[in-house]
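**Student:** sharing a model that was predicted from the sequence below.
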Amino acid sequence: MESRQTVLVTAAAGGTGQFAVQLAKIAGNKVVATCGGTQKAALLKDFGVDRVIDYRKEDIKLVLKKEFPKGVDIVYESVGGEMFNTCLNALAVHGHLVVIGMISQAGFFLMNYPHLWRAHLERLHNLYTTGKLKIALDPKQFLGVKSVADAVEYLHSGQSIGKVVVCIDPSFSQVTARL
């Protein structure tokens, strides 16, 4: 990712969006982020987002059209549906659209470039251990395999903030992971 570009991140307070906004800021870009709710907007402002669009208070299409009339350079899109269409129309000439999933529909995660994962995970771990990358975990607890469906429903509800975690083994002691 180059510096001095405008990057739009949808569902920016979610499990992957939170990393996209921070990585875009670390790279020296202007970041525009969408979310739903004041708590999510506050989290994104803490991450250094330049323009938060709370879709519960503002019309995303109108904001993008008014404030970014030439479009945005990069879109990190994980919602799908109408949001995908909005993002596609908000792209600048020669812009890049990165689709990471479509939580508004059945949901999926793209499994491309597995040969690059290790190197990138090491870079992410380095950013985390040096304090440059923050991780927001949703405080709601989901314990056991039986809670997976509830966790997915919670994700779809729009109430989650940050990464939603399911602890598969409820007897597991709460030890903080490296990343």
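**Tutor:** That came through, no problem.
**Student:** what residue ranges in the chain score low on pLDDT?
**Tutor:** Where the chain drops to pLDDT under 70, the residues are 101-110, 172-179.
**Student:** switch to 80 and redo it
**Tutor:** Scanning the chain for pLDDT under 80 picks out 1, 101-113, 170-179.
**Student:** residue 34 contacts residue 58, correct?
**Tutor:** No: using C-beta atoms under 8 Å as the test, residue 34 is too far from residue 58 to be in contact (9.3 Å). Placement of C-beta: from N, CA and C, glycine included.
**Student:** of those two, who's got more company?
**Tutor:** Comparing residue 34 with residue 58 by other C-beta atoms under 10 Å, the one with more neighbours is residue 34, at 29 against 12.
**Student:** distance check, that one against residue 82.
**Tutor:** Residue 34 sits 12 Å away from residue 82 when distances are taken as C-beta to C-beta, to the nearest Å.
**Student:** which residues touch residue 39?
**Tutor:** By C-beta atoms under 8 Å, 6 or more residues apart in numbering, the residues touching residue 39 are residue 161.
**Student:** CA atoms of the one helix or strand it maps to as PDB?
**Tutor:** Assigned by DSSP states H and E, residue 39 belongs to helix 38-46. This file holds the C-alpha atoms of helix 38-46, laid out as PDB (Å, rounded to 0.1, in the frame of the first residue of the first chain):
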ATOM      1  CA  THR A  38     -21.300   5.700  18.800                       C
ATOM      2  CA  GLN A  39     -19.100   3.100  20.600                       C
ATOM      3  CA  LYS A  40     -17.800   1.800  17.400                       C
ATOM      4  CA  ALA A  41     -17.100   5.400  16.100                       C
ATOM      5  CA  ALA A  42     -15.200   6.100  19.400                       C
ATOM      6  CA  LEU A  43     -13.000   3.000  18.900                       C
ATOM      7  CA  LEU A  44     -12.200   4.100  15.300                       C
ATOM      8  CA  LYS A  45     -11.400   7.600  16.400                       C
ATOM      9  CA  ASP A  46      -9.000   6.100  19.000                       C
END
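**Student:** residue 143 and residue 136, how far apart?
**Tutor:** 20 Å.
**Student:** compare these two (neighbour count), which wins?
**Tutor:** residue 136 (19 against 15).
**Student:** in the protein, where's the longest strand?
**Tutor:** Using DSSP state E to define each element, the chain has its longest strand at strand 91-99.
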